[in-house]
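[1] Need coordinates for the below:
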Amino acid sequence: MEVLLSEDVVGVGDIGDVVKVKGGYARNFLIPRGLAIETGAASAKEIAHRKRQIDAKKRRLKSAAEARADDLRNLSLEFELRVGGGGKAYGSIGSRDVAAALSSHGFELDRRRVLLSEPIKRAGTHFVAVKLHPEVQVQVKLLITAVEAAKKDEQEAAEALREALDEASDAHREEDEGAEEGDSFDEPSSDEAE
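    Predicted structure coming up:
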């Protein structure tokens, strides 16, 4: 079945494309969600009208993507990569990590838009392509610093110990203040003792 895509559909096509898909996929997913229009069901005049609307929307999306690309070009994302003895990396930086970092900077996008052939396992400066629009792609700078796993664990343990000591000293201070404010016992008078 041929459909005209009214939105970008990952793995199928971009907005404004006429693509051939399975009938069930079109009828049960694309058309009900407003992602596509069946080309055989509508008249040529209606399809031409919809195509003009989609082209106008496509131009707006492209200009918005170009504006976002200018902001992304000036952005540097910083990551820490844990390494052990000999420089062997524990873990990696993947497309999901890059998408989450972009999200924290106000750029919401799907992780599949981050074009990373394989996860990054080396410290240093890397450039990753981000596809904002079918015609707009930008390189984002990643600054990856190596942090030795033992030092990182020591820092985390020291921070946890510092927090525990702060909590204990706060609790001890509260006990001392409570005792000073009148929690003391009255001495029994000599008349009551008899």
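
[2] When you work out contacts or count neighbours from here on, use the C-alpha atoms and nothing else.
    Noted.

[3] Next, work out how far apart the most centrally placed residue in the chain and I15 are.
    For the chain, A100 is the residue whose C-alpha lies nearest the centre (C-alpha atoms, centre = their mean; 1.9 Å). According to C-alpha to C-alpha, to the nearest Å, A100 and I15 sit 25 Å apart.

[4] would you list every one of the strands in the chain?
    Along the chain, the stretches classed as strands by DSSP state E are 2-5, 18-20, 36-38, 76-83, 89-90, 114-115, 124-133, 136-148.

[5] Arrange those strands in a markdown table, one row each, with distance to K51, mean pLDDT and mean neighbour count as further columns.
    A markdown table is the format used below for the strands of the chain (distance: least, C-alpha to C-alpha, whole Å; pLDDT from 0 to 100; neighbours: other C-alpha atoms under 10 Å):
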| stretch | distance to K51 | mean pLDDT | mean neighbour count |
| --- | --- | --- | --- |
| strand 2-5 | 8 | 88 | 22 |
| strand 18-20 | 10 | 91 | 15 |
| strand 36-38 | 10 | 87 | 21 |
| strand 76-83 | 38 | 87 | 18 |
| strand 89-90 | 50 | 79 | 16 |
| strand 114-115 | 28 | 90 | 19 |
| strand 124-133 | 18 | 90 | 17 |
| strand 136-148 | 21 | 88 | 18 |
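
[6] Serialize those to TSV and add fields for distance to R52.
    Output for those, formatted as TSV (distance: least, C-alpha to C-alpha, whole Å):
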stretch	distance to R52
strand 2-5	12
strand 18-20	13
strand 36-38	13
strand 76-83	38
strand 89-90	51
strand 114-115	30
strand 124-133	19
strand 136-148	21
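
[7] of all those strands, which lies closest to G106?
    strand 76-83 (12.4 Å; C-alpha to C-alpha).

[8] and the angle from the closest one to strand 124-133?
    130 degrees (axes from the mean of the first three to the mean of the last three C-alpha atoms, to 10 degrees).
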